[in-house]
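Q: Okay, sequence plus prediction incoming.
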Amino acid sequence: MTQSERIAPSATVPARRFDAAGILPWAVFALLAAVPLIAPHFGLEYYVGFVRHMLIVAIAATSLNVILGYGGMVALGHAGFVGVGAYAAVALVEAGVGSAWLAWGGALAAGAVFAALTGAVSLRTRGVYFLMITLAFAQMLYYLAVSLRTYGGDDGYGLYTPLSLGWLDGVHGDVFYWVVLALAALVFALASRLAVSRFGHALMGIRDNETRMAALGYPVYRIKLAAFTGAGALAGLAGGLLASHNAFVSPSLMHWTESATLLVMVVLGGRGRRWGAPLGVAIWYTLAEVLKINTEYWHWPLGLMLLLVVFLAPRGVAALFERRRGEG
Amino acid sequence: MDAIFIFEQLLNGLGYGLMLFLLAAGLTLVFGIMDTMNLAHGSLYMAGAYIAAKVHEASGSFVGAVAVAIALTVLVAAVVEVLVIRRLYARDHLAQVLATFGLILIADDAVRAIWGPSPILAPTPAALAGPVQLLPELPYPAYRLVLLGAGLAVAVGLYVLVNHTRTGMLVRAGASNRVMAEYMGVRVGRVFSFVFALGAALAALAGALMGPIGAVQIGMGEAILIPALVVIVIGGIGSVRGAFVAALLVGLVDTAGRAFLPPALRAVLPPSLAADLGPALAGIAMYVLMAAVLAFKPAGLFPARA
């Protein structure tokens, strides 16, 4: 098809940068995989859980990066999808499900369904109205969760027995960490693949000029809805994983500041960039952790950093690296 | 549930709506004129509440405390406008969300550093502490009546300012078509600075007045910001009249939902389900209202832009 032929050359990575760009994800993956093996030797067991948390948030942030960065949809309700996933997992556990895979699958499906339903309505609006509608849906979920006493209401719901990972149970104490890492890597690979796929190019085309893409015959609304639903599914999965990670779920997962924080991390890292979401999550969480250890006033330096990013690096931290590499 | 209870709740809803209007008026003008989304508007509300509570406690004068709160908050807002907000006009909404979210984080820590992390108690002025016998069977807190009066007075004042003064004309011109207003010689930047300061003053006033009947704590700005945003979206971004109507609507719907929905549901549903569903629906009501309005009028009830 001529369409894909025309897109293909620009989609492939230039040959001389291929090696570094190709090896980097594997190097990061290997480093992260080694964390549970290395950390105990330095008395840093706590940081295995810390990195696991970051990896889960990175899944949610990557899914947001797909609609925000590639799709140009500024949604302020992404924490709602995470919350739907978390509560779906809790509902399955409450119903007697003991398998983690089933609970997470349920979380993924719930995120997808909720995103498809709300997306069908939200995507008819533009700009600030889209932002407000997505926010409104997340707020509705928040109040729903606050009043659902079956699942703990405002106090939250504790998952007292860990979910079973099937035959992986008992292989190693940190097997849950590696499962999360594998899923995060899979999501990262999926998002990277998406960026160079026809669907991804269509999505970016819609971001840049919706009218032109519609005139070219692309089903604009359906493409946006598909991306929105996919992002909701992945965020739901992150919610399910988060429920397992914390062994606890509460409505505060869905507070609007959580949605804002996800948005902030993606923009901080670099929206629409391959490494944007994981980089943003890593910077945000590491900085917050370091600040929390040293001072009780750990919010304002993050706030200051946001202002600096907005004024000095509006395209995100990942873009800074790209420029430097381009010059060098 | 009798007529007296309903009347009392409607008055409460009206009071809440008027306070929302004070916040939304500034927000909608800032949004309407410069297309700038300011999430930190709630932080100005928080500043007003804290300063008023502390000055009131120290001096004993409530009116003086409110005046000091407004003056100091406007001062802070002016500095923030020059340093940050002014540089955000030309940027997209995402950058504005990011930067003003950063301001929220800074403001919350500033309050924590100055007044400590725990909520503080804002005293009700002694002269207004008692109830007033509105109707033979309806005692109503005098302070809430003052709140209603103050809210209405400000609404009238804003109406006169926006619709019947030269400054107001410039503000409306900026809101309906900024570029055209600039071509006609309006210094929109200067108008905006004035509007931003005015919005800060109204937010501080709302915070100072709400202090004694709400919780003065860190995060209060984030909690009230979302209803205020819902109000300006329902009313139509940039329209003060729209903000007024929408604020009263949201205030009434929210208060009525919380007061009437749980008992009404208990009458028709099993108690346990009603106890779950009542508060949920009450919390959601405002957002359903927004979705319904946007479904029929995508630009809000009173679109400001031609």
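A: That came in fine, so what should we check first? Residues are numbered from 1 along each chain as shown, chains lettered A, B, ... in the order given.

Q: Regarding the chain, what is its longest helix?
A: The chain I'm using is chain A. Taking DSSP state H as the criterion, chain A has its longest helix at helix A:220-246.

Q: Chain B was what I was after
A: Per DSSP H, chain B has its longest helix at helix B:3-34.

Q: From the chain's centroid, how far away is the longest helix of chain A?
A: How far helix A:220-246 lies from its chain's middle: 8 Å, per CA atoms, centre = their mean, to the nearest Å.

Q: close to chain B, is it?
A: No - applying CB under 8 Å from any CB of the partner chain, one finds helix A:220-246 out of contact with chain B, separated by at least 15.6 Å. (C-beta placed from N, C-alpha, C; glycine too.)

Q: What residues sit buried inside the helix or strand hosting residue B:286?
A: Assigned by DSSP states H and E, residue B:286 belongs to helix B:271-296. Under the neighbour-count criterion of 16 or more other CB atoms under 10 Å in any protein chain shown, helix B:271-296 has B:274-287, B:289-291, B:293-294 buried.

Q: and if you look at stretch B:174-185?
A: Those would be B:174-176, B:178, B:181, for stretch B:174-185 by 16+ other CB under 10 Å.

Q: Tabulate those residues (a markdown table), appending pLDDT and distance to residue A:62.
A: A markdown table is the format used below for the buried residues of stretch B:174-185 (pLDDT from 0 to 100; distance: CB to CB, whole Å):
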| residue | pLDDT | distance to residue A:62 |
| --- | --- | --- |
| B:174 | 81 | 40 |
| B:175 | 77 | 39 |
| B:176 | 79 | 41 |
| B:178 | 81 | 37 |
| B:181 | 86 | 43 |
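
Q: Take those residues and keep only those in strands.
A: Within these, no residue falls in strands by DSSP state E.

Q: got the residues you listed as CSV, with distance to residue B:245 columns?
A: Below are these laid out as CSV (distance: CB to CB, whole Å):
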residue, distance to residue B:245
B:174, 21
B:175, 16
B:176, 18
B:178, 24
B:181, 25
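
Q: of those residues, closest to residue B:264?
A: Among these, residue B:175 lies closest to residue B:264 (CB to CB), at 39.8 Å.

Q: burial count for residue A:215?
A: 10 (other CB atoms under 10 Å in any protein chain shown).

Q: circling back: near chain A too, which of the buried residues of helix B:271-296?
A: B:275-280, B:282-284, B:287, B:290-291, B:294.

Q: what's near enough to touch residue A:122?
A: Listed by CB atoms under 8 Å, 6 or more residues apart in numbering or on different chains, the contact set of residue A:122 reads A:75, A:130, A:133-134, A:137, A:228.

Q: now do 6 Å
A: Listed by CB atoms under 6 Å, 6 or more residues apart in numbering or on different chains, the contact set of residue A:122 reads A:130, A:133-134.

Q: Quick check: closest non-adjacent residue to it.
A: residue A:133 (4.5 Å; CB to CB, 6 or more residues apart in numbering or on different chains).

Q: what helix or strand is the one you found on?
A: Assigned by DSSP H and E, residue A:133 falls in helix A:127-147.

Q: And residue B:140, by the same measure?
A: With DSSP H and E as the test, residue B:140 turns up in strand B:138-141.

Q: Given that strand, what are its sheet partners and their directions?
A: Taking DSSP bridges as the criterion, strand B:138-141 sits next to strand B:131-135 (antiparallel) in its sheet.

Q: Now do the one residue in the stretch 101-250 of chain A that gets nearest to chain B: how many residues are near it, please.
A: Minimum separation of the stretch 101-250 of chain A from chain B (CB to the nearest CB) falls at residue A:143, amounting to 2.9 Å. For residue A:143, the number of neighbouring residues by other CB under 10 Å comes to 20.

Q: Which pLDDT value belongs to the closest residue to it other than its chain neighbours?
A: Distance criterion CB to CB, 6+ apart; nearest residue to residue A:143, sequence neighbours excluded, is residue B:283 at 2.9 Å. Residue B:283 is assigned 82 on the pLDDT scale.

Q: Likewise for residue A:328?
A: Reported pLDDT for residue A:328: 36.

Q: Equivalent analysis for residue B:305, please.
A: Residue B:305 is given a pLDDT of 62.

Q: again, but for residue A:13
A: 47.

Q: in the helix or strand that contains residue B:190, what counts as buried?
A: Assigned by DSSP H and E, residue B:190 belongs to helix B:188-210. By 16+ other CB under 10 Å, the buried positions in helix B:188-210 come out as B:188, B:191-193, B:195-210.

Q: and the next helix or strand after it, what does it pack onto?
A: Stepping forward along the backbone from helix B:188-210, the first helix or strand reached (DSSP H and E) is helix B:220-235. Using 3 or more CB pairs under 6 Å, 6 or more residues apart in numbering or on different chains; DSSP states H and E as the contact test, the elements touching helix B:220-235 are helix B:3-34, helix B:41-59, helix B:240-268, helix B:271-296.

Q: okay, the angle between the second one and helix B:188-210?
A: The reference is to helix B:41-59. 50 degrees (axes from the mean of the first three to the mean of the last three CA atoms, to 10 degrees).

Q: wait, does helix B:41-59 make contact with chain A?
A: No - judged by CB under 6 Å from any CB of the partner chain, helix B:41-59 stays clear of chain A, getting no closer than 10.6 Å.

Q: Buried ones in that helix, by neighbour count?
A: The neighbour-count criterion (16+ other CB under 10 Å) identifies B:41-56 as the buried residues of helix B:41-59.

Q: before we move on, back to that, neighbours of the residue nearest to residue A:122, how many?
A: Neighbourhood size, residue A:133 [other CB under 10 Å]: 25.

Q: Low-confidence stretches in the stretch 1-150 of chain A?
A: Scanning the stretch 1-150 of chain A for pLDDT under 70 picks out A:1-21.

Q: Give me the residues contacting stretch B:278-297.
A: By CB under 6 Å, 6+ apart, stretch B:278-297 touches A:136, A:139-140, A:143-144, A:147, B:230, B:233-234, B:250, B:253-254, B:257-258, B:261-262, B:265.

Q: that older thread, quick one: the residue nearest to residue A:143 from residue B:132, how far?
A: 31 Å (CB to CB, to the nearest Å).

Q: same thing with residue B:214?
A: 20 Å.

Q: which of those two has more neighbours?
A: Using other CB under 10 Å, the more surrounded residue of residue B:214 and residue B:132 is residue B:214, with 17 against 14.

Q: Model confidence for the more buried one, exactly?
A: So residue B:214 comes in at 82 (pLDDT).

Q: And for residue A:237?
A: Residue A:237 is given a pLDDT of 95.

Q: Spatially nearest residue to residue A:271, not counting backbone neighbours?
A: residue A:69 (3.7 Å).

Q: That neighbour touches residue A:272, doesn't it?
A: Yes - under the criterion of CB atoms under 6 Å, residue A:69 makes contact with residue A:272 at 3.1 Å.

Q: So for these two, which sits in the more crowded spot?
A: residue A:69 (26 against 21).

Q: Helix, strand, or coil at the more buried one?
A: On the three-state scheme (DSSP: H, G, I helix; E, B strand; the rest coil), residue A:69 is labelled helix.
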